[in-house]
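1. here is a sequence with its predicted model. Questions after.
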Amino acid sequence: MKVTFSPFIITILSDVNIRIELVQESGMYEDGRLLAWYESPARDFLYPYPSYSSSYGTHGRELLLERTLSFPVSLTHLLPSDD
């Protein structure tokens, strides 16, 4: 089944942003601590390929989140080992 949208709907989706946040909740921070985020227009998020029709059956999807300075990073795996 292929679903297509009118150009009007596509314009609306292009004007609305979607934001996904990775937040660490703890007692130290009232609203949690933002670790990483992703933001894009709704059209690009819902239809990441150059097509105005949805492609059902594609379950695999990866997003690259932007890290904040609060993101915990360990550099030990980058250092040479003494083996």
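-> Received, thanks.
2. give me the longest strand you can find in the chain.
-> strand 29-41 (DSSP state E).
3. I'd like to know which elements the longest helix seen in the chain is packed against.
-> Counting by DSSP state H, the longest helix found in the chain is helix 7-15. Using 3 or more Cβ pairs under 8 Å, 6 or more residues apart in numbering; DSSP states H and E as the contact test, the elements touching helix 7-15 are strand 29-41, helix 42-46. Glycine gets a C-beta too; all of them are placed from N, C-alpha and C.
4. which helix or strand lies directly C-terminal to it?
-> strand 17-26 (DSSP states H and E).
5. quick one: Asp44 from Pro7, how far?
-> 16 Å (Cβ to Cβ, to the nearest Å).
6. which of these two has more residues huddled nearby?
-> The residue with more neighbours, out of Asp44 and Pro7, is Asp44; 13 against 8, by other Cβ atoms under 10 Å.
7. ok, the more buried one to Ser70 distance?
-> 26 Å.
8. for burial, what's the neighbour tally of Arg43?
-> Using other Cβ under 10 Å, Arg43 has 19 neighbouring residues.
9. so who does it touch?
-> Going by Cβ atoms under 8 Å, 6 or more residues apart in numbering, Arg43 touches Ile10, Leu13, Ser14.
10. local confidence estimate at it?
-> Note for Arg43: predicted pLDDT of 82.
11. try Gly32
-> Gly32 is assigned 86 on the pLDDT scale.
12. quick one: it from Leu65, how far?
-> Distance of Gly32 to Leu65, given as Cβ to Cβ: 15 Å.
13. next: Leu22.
-> 6 Å.
14. find residues that contact each of the two.
-> Residues within reach of Leu22 and of Leu65 at once, by Cβ under 8 Å, 6+ apart, are Ala36, Trp37.
15. so which bits of stretch 34-41 are buried?
-> Going by neighbour count (16 or more other Cβ atoms under 10 Å), the buried part of stretch 34-41 is Leu34, Leu35, Ala36.
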